[in-house]
Structure formats: C-alpha cells, structure tokens
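>>> Based on what follows, work out the 3D shape:
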Amino acid sequence: MKSFEELGVSSPIRRAIEELGFVSPMPVQEAVIPFLIEGRQDVIALAQTGTGKTAAFGIPLLQRIDTANRDTQALILSPTRELCLQIAGDLRDFAKYLDGIHVEAVYGGAAIEPQIRSLKKGVQIIVATPGRLIDLKNRGVAHLENVSNIVLDEADEMLNMGFADSINEIFDALPEEHTTLMFSATMSREIERIAKQYLHNHEEIVVGSRNEGAENVNHIYFMVHAKDKYLALKRIVDYYPKIFAIIFCRTKLETQEVADMLIKDGYNAEALHGDLSQQQRDLTMQKFRQHLTQLLVATDVAARGLDVDDLTHVINYGLPADIENYTHRSGRTGRAGKKGTSISIVHSKEKQKIRNIEKEIGKSFQQEPIPSAQEICKKQLYKVMDQIVKTDVDDEEIAPFMADINRHFEYIDKEEIIKKIVSMEFGRFLAYYADAPEIEPVKEKEKKEKKPQTDRQKRLNKAEKGYSRLFINLGKRDGFYPGELMQTLNRYVGGRQQVGHIDLLESISYFEVPEKDARKVMTQLTGIRYKGRIVRCNAEDDKPAPTAERPEKPTRGRQHRRDDWQALMRPKPRELRGQQPDFSEEGWARRKPKKK
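Numbers count the residues shown, from 1 in each chain. You can find the predicted model right below:
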C-alpha cells in the first residue's frame, strides 16, 4: 500500500489529514488521487458510502487550486444540503495549512443573500446542490466559465431525485476543457448514459464490485403482518441493547409517526425529514452524531450525507422502491472496517423484492424469527449486569457517604440489594413483556404445482429462431400500441427495423427483433422519453421486477393482440395494397384518411 506522500499529496495537506487521523490511503483514495492530481482524464468511481470518497476527490482538487486566482476553479455537485455542508467542512479541514483557499457551500432551504455575498468576494471551490447553483448562475453571481474540474458526488442519487435537466444546464455553462469525476454507489443505465454524454475517454475505477453492498454488512429480514410492523420494530430494538441505528421510512408522514410512537414508548429517538426547518435538521443530526440520540427515524433523502462511522444497525421499516436506495441505506453501516447489520421488516408480498436485492448486491439475506419476550429480557438483563460490573467507583469521592450507606443497608443481605438494583434498571422491560401482545408468525403459502404450459403459451414466452425477445417499460396504459412501437423504432433506431412478434400488456410490452439488431435497439431506446416517461429497454431476462404501482398482468390474449394489429392495418390506401407496409414518418402520414 502506498503512502499519501507517494501518491503525490503535498506536505501542507498531509499535515492536516494526519491531524484528522488519516494514517494510510483507503483503496478508493489510492486509485483516484493520482488521476486527479495529474489531471490525465475523466473518471467514474464506483464506491460505497464510507470508503473515503470526499478525501479521494477533495485532496487533489485543493492541491490543483491556483490560490492567487479568486475565480471559481472547481465545482462539486451533491444531491442534498446535508452532504453539501459535510463536503465543504471536510475540504476546509484538509486545507487548514493552505493559505488563500476559499470554499463555499451553496444549497436550497437557506437564505440566499449570505451565499451571494460570499460568491461575490471570490470562491475557488463551490460545493452546491444543482437547483441553488442554477439560481445563483442565473442571477449572475456564480461564474462557471473558468471551472477546470467538476465532481458529481452520489450521481445516481441526483438522477433519482430528478436533477438530470439541472445537471445538463450546469454542464452547458462549463468551458470545453474540463475534467469530470463522477462518484456513484451503483452503475445504473442512467449513469452510463450520462457518462457517455459528458465524459470523454474516461477511466472506470471500481472499489469492490459493481452494484455491490458494503462488504462488512450482514443482511437480515423479519417477515411480519403489516399490522405488526411497529411491534416488531420495538422487539428488534430491544433485542440489541447497544443499538445505535437509523430507521428508514418511505414517507415523511410515516417517519414522524414512527418517531413519535418510539418517543412515547420511552425510546431515545428523533425524526429527520424534509418538513423540518434547516435549523431543526442541523440540531437533530448534531445530537445523533454526538450519540445523544440513539435512534434516528429518517427518510432516504434526509439521511443523505449523514455519515456516522460507528452506526451499528440500519433498519428498513419496509423495503425501498428502488434497489439502489437499499444499497445506499445499508452502506450507512459497516464503515471504516467495522461490522454492521442491515435489518428489514417486510411482509409476505415483499419477499420477491428480497430476492431481487440479493441478486443485485450479490449477497444473501438471512431470515430470522421475531425475538421472543424471554430472549429480549435475557439480553437486557445481561446489559444491566454488565453496566453494574463495569461501573468505575471513585473511592475518595464516595468515602464520606459510606458510613450512612452501610447503616442504611445493614439489615438487607447482598442478594436482596442486587435484586433491587437490577429490578430498578430492568423493571420497564419486565413490566412491558409480561403482558406484551404476541406477534402472529407469517405462514408461508404452499407452492402450487405449476400446470404444464400449452404449446401456445410456450410460443408466447419464447422468441422465434434467430430473434431476441426484448422488454420495454411501456404498455397500453401509456397509449403504446404496435404503430407507436414502429414509429419509435424508426425515429431512434433508424432505417426500417425488422420486428417479429409483439406482445402488449397493460404497463409493459415485449417485442422481437433479429438477434444481430438486439444490442443496437436496446442502446438506442434506453434513456429516451415517451410522453414524459424515461424508457428502459433490455433483454427479457433482465427486466425489472413488477411493482405494486405498475403490476405485470396481461389483460388480453394473443388473438386480441392480433385483432388490434389487423384493425390498425385495415385502412390501407390503394397504392399500398399488396405491398409491405411503410412505417416511416412519411409513410405513416400517407396512411391517414383525408378529410372530406
């Protein structure tokens, strides 16, 4: 392993990071820092949260700044204000012994006037959320024409949050000669598309493997009925007496409700979501980092950038809609070489999601039974006994009171005193679990034997010889019929694309193209927009699992689909009868009936 000096890090920065506890570079730092210091080419770095990403791009950016020039020379984009503030703070720590370096964080949800004043004074590095940066650029305050380096931190999350158009606008304002570094936890199709658009001759650096969960994280799930989710959460928290965790919920309302119930039941918990003011969020996160709060109940967006090294658990109060969000959640724990546990509370309908996540991150989940009252009480009892044994006693401080203490307990034997102390500390759990409601186990449904497929069903599920069967996330609900498919292919793929069988469902579709054209069709269609929706097109085997919002249920048989096709083809102009239909834009226009 190389040292920071061998990587080319300057002496003032090495002095600062050594004071921060940096001993030797982490893998992502060792791989990325030389590229950025030399400025050789664009980089995509795939790394989980907690792998040292900020130092990986922050150290070389600081080193390449011309301190004599107050123009903005580096730009760092992040998805949330919390992450924005954290990056800016880290950069200032790294630049402690560098003179003339000015770093400013600009983000929404805060007053814009102080940010305007800071930028007018001259800032070499701007750390920004996309929306606020565009606002400042349009006001003529943020000048990007001299930016030589841009970093997209957690690029996948920025795309998930709908910042694609904002990122496009920001890149349009940059000079032609600049270096781009893109950090992401997962390599999604959207990331690949952005990379093709904005990165040139880029290097891909992977720490671990693509779309992989954190190495030091165990994945556990508990299956319960929906009505028992909160009771299960309480038991899980009680079963781990030393837990220090983030509990992820899917909505702001659910986040606040769960936090309020935990606080009411005597737990040290707080909520973190977008409806809180910036001051409230900062105070909540500060208390959590200082371990004054044991359980933080948060939404995915609010917890972005909340890096706490000694987090023991992440609890999913229900699985997220996207697998990528699960990767981000679980990556909050198991950091800096420590072990962590990701716990999911799921109901029976979410079992397939577990399988999809396992396939994506390359790790297996372990199903556990809900802890019993007896197991929980035993764990809590051991915790109390351990606390008593490990309590340090200051003999000098307590000596003046020992005579009164001994006289008070003179007629109570040792065993009775121990019982009273343990009961005093342990009584809440004993009282609750003495009458705690039972959680009914979820019975696994017996798998029904599948009926053998008919010849007709086999034909539907298998492409013809020489053809590939492709999936596209558009269906009848989107107004997507054979004619629209052919128009889309003609427009984006070019030429007269040959198409085999077409199977239209309510929310998705399948179609067949010659094997030699499959890769081209998938590449050209993926990422385009159809009536406001981002299109995904991939091989049938790679199609995403159906979701509750867009169920995969066929609504019509193949004969009906054939009828649709024939009805579409019936009104042919005379000049086209007996000929191969022309689906180009001109041909399509000719087929429209003339108004009388």
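>>> can you map out the strands along the stretch 51-200 of the chain?
Assigned by DSSP state E, counting those that start in this stretch, the strands in the stretch 51-200 of the chain fall at 74-77, 103-106, 125-128, 149-152, 179-184.
>>> the helices in the stretch 301-450 of the chain, which residues?
Ranges of helices in the stretch 301-450 of the chain, per DSSP state H, counting those that start in this stretch, are 323-330, 351-361, 373-390, 395-408, 414-434.
>>> Of these, which stretch is the most buried?
Highest mean neighbour count of the helices of the stretch 301-450 of the chain: helix 323-330, a mean of 23 (counted as mean count of other CB atoms under 10 Å). Bear in mind the C-beta positions are built from the backbone N, C-alpha and C, glycine included.
>>> Now residue 268: closest residue in space, sequence neighbours ignored.
residue 294 (4.1 Å; CB to CB, 6 or more residues apart in numbering).
>>> which residues touch the one you found?
Counting by CB atoms under 8 Å, 6 or more residues apart in numbering, residue 294 touches 243, 244, 245, 267, 268, 269.
>>> and the gap between the spatially most central residue of the chain and residue 249?
Nearest residue to the geometric centre of the chain (CA atoms, centre = their mean): residue 325, 3.0 Å. Separation of residue 325 from residue 249 (CB to CB, to the nearest Å): 12 Å.
>>> do residue 194 as well
29 Å.
>>> what do you get for residue 14?
Residue 14 is 42 Å from residue 249, by CB to CB.
>>> So the two - more neighbours on which side?
residue 249 (24 against 18; other CB atoms under 10 Å).
>>> how about the helices of the stretch 301-450 of the chain in a markdown table, adding distance to residue 528 and mean pLDDT?
As requested, the helices of the stretch 301-450 of the chain are exported to a markdown table (distance: least, CB to CB, whole Å; pLDDT from 0 to 100):
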| stretch | distance to residue 528 | mean pLDDT |
| --- | --- | --- |
| helix 323-330 | 21 | 78 |
| helix 351-361 | 24 | 84 |
| helix 373-390 | 53 | 81 |
| helix 395-408 | 73 | 86 |
| helix 414-434 | 56 | 77 |
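>>> Out of those, which gets nearest to residue 174?
helix 323-330 (26.5 Å; CB to CB).
>>> helices or strands up against the closest one?
The contact analysis (3 or more CB pairs under 8 Å, 6 or more residues apart in numbering; DSSP states H and E) places helix 323-330 against helix 155-160, strand 313-316, strand 340-346, helix 351-361.
>>> angle of that helix against helix 351-361?
With axes from the mean of the first three to the mean of the last three CA atoms, to 10 degrees applied, the angle from helix 323-330 to helix 351-361 works out at 80 degrees.
>>> Please state the backbone phi and psi of residue 468?
phi -110, psi 140 (degrees, to the nearest 10).
>>> who's in contact with it?
Applying CB under 8 Å, 6+ apart, we find residue 468 in contact with 512, 513, 514, 515, 518, 539.
>>> got the contact list for residue 358?
Contact partners of residue 358, counting by CB under 8 Å, 6+ apart, are 219, 364, 365.
>>> between those, which is closest to residue 145?
Closest approach between the contacts of residue 358 and residue 145, by CB to CB: residue 219, at 47.0 Å.
>>> and the closest residue to the closest one other than its chain neighbours, how many residues sit next to it?
Excluding its sequence neighbours, the residue lying closest to residue 219 (CB to CB, 6+ apart) is residue 365, at 4.6 Å. By other CB under 10 Å, the residues close to residue 365 number 18.
>>> I'd say residue 365 and residue 359 touch.
No. Residue 365 is beyond contact range of residue 359, at 11.1 Å (criterion: CB atoms under 8 Å).
>>> Just the CA atoms of stretch 269-288, as CSV, please.
Presented in CSV, the C-alpha positions along stretch 269-288 are these (Å, rounded to 0.1, in the frame of the first residue of the first chain):
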residue,chain,number,x,y,z
ALA,A,269,-35.5,8.7,19.2
GLU,A,270,-35.9,11.7,16.8
ALA,A,271,-37.3,12.2,13.3
LEU,A,272,-35.4,13.6,10.3
HIS,A,273,-37.3,14.6,7.2
GLY,A,274,-37.9,17.3,4.7
ASP,A,275,-40.7,19.1,6.5
LEU,A,276,-38.3,20.2,9.3
SER,A,277,-36.5,23.5,9.1
GLN,A,278,-32.8,23.6,8.3
GLN,A,279,-32.1,24.6,11.9
GLN,A,280,-34.1,21.7,13.3
ARG,A,281,-32.4,19.3,10.9
ASP,A,282,-28.9,20.5,11.8
LEU,A,283,-29.7,20.2,15.6
THR,A,284,-31.1,16.7,15.1
MET,A,285,-28.1,15.5,13.2
GLN,A,286,-25.7,17.1,15.6
LYS,A,287,-27.4,15.3,18.5
PHE,A,288,-27.3,12.0,16.6
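>>> buried residues in that stretch?
By neighbour count on 16 or more other CB atoms under 10 Å, the buried set for stretch 269-288 is 269, 270, 271, 272, 273, 276, 281, 284, 285, 288.
>>> Quick one: residues in contact with it.
Stretch 269-288 is contacted from outside by 81-82, 109-110, 247, 252, 255-256, 258-260, 262-263, 293-299, 301-303, 306, 308, using CB under 8 Å, 6+ apart.
>>> any chance of the contacts of residue 358 in JSON lines, with distance to residue 72 too?
Output for those, formatted as JSON lines (distance: CB to CB, whole Å):
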{"residue": "219", "distance to residue 72": "42"}
{"residue": "364", "distance to residue 72": "47"}
{"residue": "365", "distance to residue 72": "46"}
